[in-house]
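Asker: build me a structure from this.
(chains A and B)
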Amino acid sequence: MTTLRIPTPLRAYTSGKNEVQVTGVKISEALTDLTNQFPAIKPHLFNEAGELRPFVNLFVDENNIKDLQGVDTPIKDGDRVMLIPSIAGG
Amino acid sequence: MKRDLMIEELSHEQILRYSRHLLMPEVGLQGQLKLKNSSALVIGTGGLGSPVALYLAAAGIGRIGLVDYDTVDSSNLQRQVIHGTSTVGKLKVESARDRLTDLNPDIQVDIFNEPFTSENALRIAKGYDVMIDGTDNFPTRYLTNDVSVFLGKPNIYGSIFRFDGQVSVFYAKEGPCYRCLFPEPPPPGLVPSCAEGGVLGVLPGTVGTLQATEAIKILLGIGEPLIGKLLLYNALDMSFDFVKLKKNPNCRVCGPNADIKELIDYEEFCGVPGHHADDTSAGTGWDITALELKERLSLTPNLLLLDVREPHELEIAAIKDAKNIPLGEVAQRMSELDSAEEMIVFCKRGSRAARAIEILSSAGFKKMKNLKGGINAWAEEVDTSLPLY
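Answerer: Sure, this is the predicted structure:
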């Protein structure tokens, strides 16, 4: 199981949960598990073509998956995946 | 900075004022002189700008620029601690300047009582050593970033939402810029503003103080600046997480093949207004004013009122007999609504209702109106027994 941290703006779509346990050996599988558990979050992460939206940033431990292998980045049990939101308040 | 304009010594009063800095070898007399000869532009004098400007002034940054076009409102004072009850109604830049020069009469405070826009941003920012992003909307954040890239200045970034904060130093000369991390803004409506979503009052205090820390370190040239790193703070969990940021080779503003070479129309880019934001309207033909609604209700008392605020907001103020479906549940619960029946949708100010109307409209609902200005307008114009919030 991998722990996926959900930022505040997206918790409205995960029943208020700040962390969701997901399974999968790579990011794409973990996200599929997430969107199966919480279908309402899907349009906020993926565009109509099923691609990850550009403002969605996912980090495995400290590293952006864009600097690794994108949604094919492998993950293992105990990894911490963070969804980093775009927020603008000041 | 011209050498002949440099201040090269401190007065006895200044030595006493800054003695706790002078005692530390990392600052010392030379460091304090550096601060005195340096300048910072604080964009926004709200939640973040308040602690940033206060601490920069206290630290003796010689010249501080303040950009804001708003006036102080009593709903600001829960977090915007540079202002006070006595300055409600005054221009924010003047209220802030008066507080800063009281805290430290040694410094120069330049005020820009205008929105930060593509027309004036380069002219305003070029005279400062660092830029500090204390803005509250996406268009101005992208603008601030692009200005900092074009002028080659560090952009000390802080952003807040409810209990979450982010801090980084975006400095394209030495690391990634804001667009490397966020090439595009989220679609309008995904991230509510603090005016709709709320914010813990002390949160901008924490985040702004971290921004001030980074600014002072950079101006002194000490320590490890937060370049290439993003700090994520959550006040509820009291968690501080750091992630690594890399320059994006495809960045449209700081990458090797950048195609954005000048400032653009940021409101168009973000799909939302930045200044004098009227995000509270659902668009032409969709709005109904509070007084019009009062008239309609006198003719049609059974008119459906749909309140899309969160349940806890109903305790603050409510309109009798309104049906509550929070915005986040509208998509799932629309079967509870009859698309043939006319309804008036409302929230606090109008922006969540506008979003709800978008969702319902794409599902085939047609007979809807957005109460313009939300329940606050209703409280101001119709039922004055209700509080504004």
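Asker: would you map the helices across chain A?
Answerer: Here chain A has its helices, by DSSP state H, at A:27-37, A:42-45.
Asker: out of these, flag the one nearest residue B:265.
Answerer: Ranking these by proximity to residue B:265 (C-beta to C-beta) places helix A:42-45 first, at 25.5 Å. Quick note: C-beta positions are derived from backbone N, CA and C, even for glycine.
Asker: could you list every helix and strand in contact with the closest one?
Answerer: If contacts are counted by 3 or more C-beta pairs under 8 Å, 6 or more residues apart in numbering or on different chains; DSSP states H and E, helix A:42-45 sits against helix A:27-37.
Asker: please identify the buried residues of the helix it packs on?
Answerer: A:27, A:29, A:30, A:31, A:32, A:33, A:34, A:35 (16 or more other C-beta atoms under 10 Å in any protein chain shown).
Asker: and chain B, is it touching that?
Answerer: No. Helix A:27-37 does not reach chain B (C-beta under 8 Å from any C-beta of the partner chain); its nearest approach is 14.6 Å.
Asker: look up the closest residue to residue B:100, ignoring the ones flanking it.
Answerer: Counting by C-beta to C-beta, 6 or more residues apart in numbering or on different chains, the nearest residue to residue B:100 once its immediate chain neighbours are dropped is residue B:57, at 4.2 Å.
Asker: the strands in the chain, which residues?
Answerer: As the question left the chain open, I've gone with chain A. A:2-5, A:19-22, A:57-60, A:63-64, A:80-84 (DSSP state E).
Asker: I was thinking of chain B, sorry if that wasn't clear
Answerer: So, for chain B - with DSSP E - the strands run B:39-43, B:63-67, B:108-112, B:130-133, B:155-161, B:164-170, B:229-234, B:239-244, B:287-288, B:304-307, B:323-324, B:343-346, B:368-371.
Asker: so can I have TSV of those strands showing mean pLDDT, mean neighbour count and distance to chain A?
Answerer: TSV is the format used below for the strands of chain B (pLDDT from 0 to 100; neighbours: other C-beta atoms under 10 Å in any protein chain shown; distance: least, C-beta to the nearest C-beta, whole Å):
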stretch	mean pLDDT	mean neighbour count	distance to chain A
strand B:39-43	98	27	9
strand B:63-67	98	24	12
strand B:108-112	98	17	16
strand B:130-133	98	28	8
strand B:155-161	97	28	4
strand B:164-170	97	26	5
strand B:229-234	96	19	7
strand B:239-244	95	15	5
strand B:287-288	94	18	25
strand B:304-307	97	21	17
strand B:323-324	97	14	15
strand B:343-346	97	25	18
strand B:368-371	95	24	20
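Asker: in JSON lines: the helices of chain A, plus distance to residue A:70 and mean pLDDT.
Answerer: Below are the helices of chain A laid out as JSON lines (distance: least, C-beta to C-beta, whole Å; pLDDT from 0 to 100):
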{"stretch": "helix A:27-37", "distance to residue A:70": "8", "mean pLDDT": "96"}
{"stretch": "helix A:42-45", "distance to residue A:70": "14", "mean pLDDT": "88"}
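Asker: and the gap between the residue nearest to residue B:100 and residue B:367?
Answerer: Distance, residue B:57 to residue B:367, by C-beta to C-beta, to the nearest Å: 55 Å.
Asker: more neighbours, those two?
Answerer: Per other C-beta atoms under 10 Å in any protein chain shown, whichever of residue B:57 and residue B:367 has more neighbours is residue B:57, with 26 against 13.
Asker: JSON lines for the helices of chain A, including distance to residue B:379?
Answerer: Listed next are the helices of chain A as JSON lines, based on distance: least, C-beta to C-beta, whole Å:
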{"stretch": "helix A:27-37", "distance to residue B:379": "40"}
{"stretch": "helix A:42-45", "distance to residue B:379": "32"}
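Asker: which positions in the stretch 151-300 of chain B make contact with chain A?
Answerer: Checking the stretch 151-300 of chain B against chain A by C-beta under 8 Å from any C-beta, the hits are B:158-164, B:166, B:181-186, B:190-194, B:197, B:199, B:204, B:230, B:232, B:234, B:237, B:241-246, B:248.
Asker: contacts only, for residue B:262.
Answerer: By C-beta atoms under 8 Å, 6 or more residues apart in numbering or on different chains, the residues touching residue B:262 are residue B:150.
Asker: same question for the one 3 residues further on.
Answerer: For residue B:265, the residues meeting the contact criterion (C-beta under 8 Å, 6+ apart) are residue B:118.
Asker: ok, now with 10 Å
Answerer: Contact analysis of residue B:265 by C-beta atoms under 10 Å, 6 or more residues apart in numbering or on different chains lists B:117, B:118, B:139, B:143.
Asker: please identify the buried residues of the helix or strand of chain A with the lowest mean pLDDT?
Answerer: When each helix and strand of chain A is scored by mean pLDDT, DSSP states H and E, helix A:42-45 comes last, with a mean of 88. Across helix A:42-45, burial judged by 16+ other C-beta under 10 Å covers A:44, A:45.
Asker: which residues are in contact with it?
Answerer: Against helix A:42-45 from outside (C-beta under 10 Å, 6+ apart): A:9-10, A:12-13, A:31-32, A:34-36, A:50-53, A:55-56, A:58, A:83, A:85, B:186-187, B:190, B:331.
Asker: what do you get if the cut-off is 7 Å, keeping everything else the same?
Answerer: A:10, A:13, A:31, A:35, A:52, A:53, A:56, B:190 (C-beta atoms under 7 Å, 6 or more residues apart in numbering or on different chains).
Asker: any chance of the strands of chain B in JSON lines, with distance to residue B:263 too?
Answerer: Shown next, in JSON lines, are those (distance: least, C-beta to C-beta, whole Å):
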{"stretch": "strand B:39-43", "distance to residue B:263": "14"}
{"stretch": "strand B:63-67", "distance to residue B:263": "15"}
{"stretch": "strand B:108-112", "distance to residue B:263": "16"}
{"stretch": "strand B:130-133", "distance to residue B:263": "14"}
{"stretch": "strand B:155-161", "distance to residue B:263": "14"}
{"stretch": "strand B:164-170", "distance to residue B:263": "16"}
{"stretch": "strand B:229-234", "distance to residue B:263": "24"}
{"stretch": "strand B:239-244", "distance to residue B:263": "29"}
{"stretch": "strand B:287-288", "distance to residue B:263": "32"}
{"stretch": "strand B:304-307", "distance to residue B:263": "40"}
{"stretch": "strand B:323-324", "distance to residue B:263": "43"}
{"stretch": "strand B:343-346", "distance to residue B:263": "36"}
{"stretch": "strand B:368-371", "distance to residue B:263": "33"}
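Asker: out of those strands, flag the one nearest residue A:22.
Answerer: Nearest of those (C-beta to C-beta): strand B:239-244, 18.3 Å.
Asker: could you list the low-confidence segments of the chain?
Answerer: Assuming you mean chain A. In the prediction, chain A carries no residues with pLDDT under 70.
Asker: chain B was what I was after
Answerer: B:1-5, B:189-192, B:273-284.
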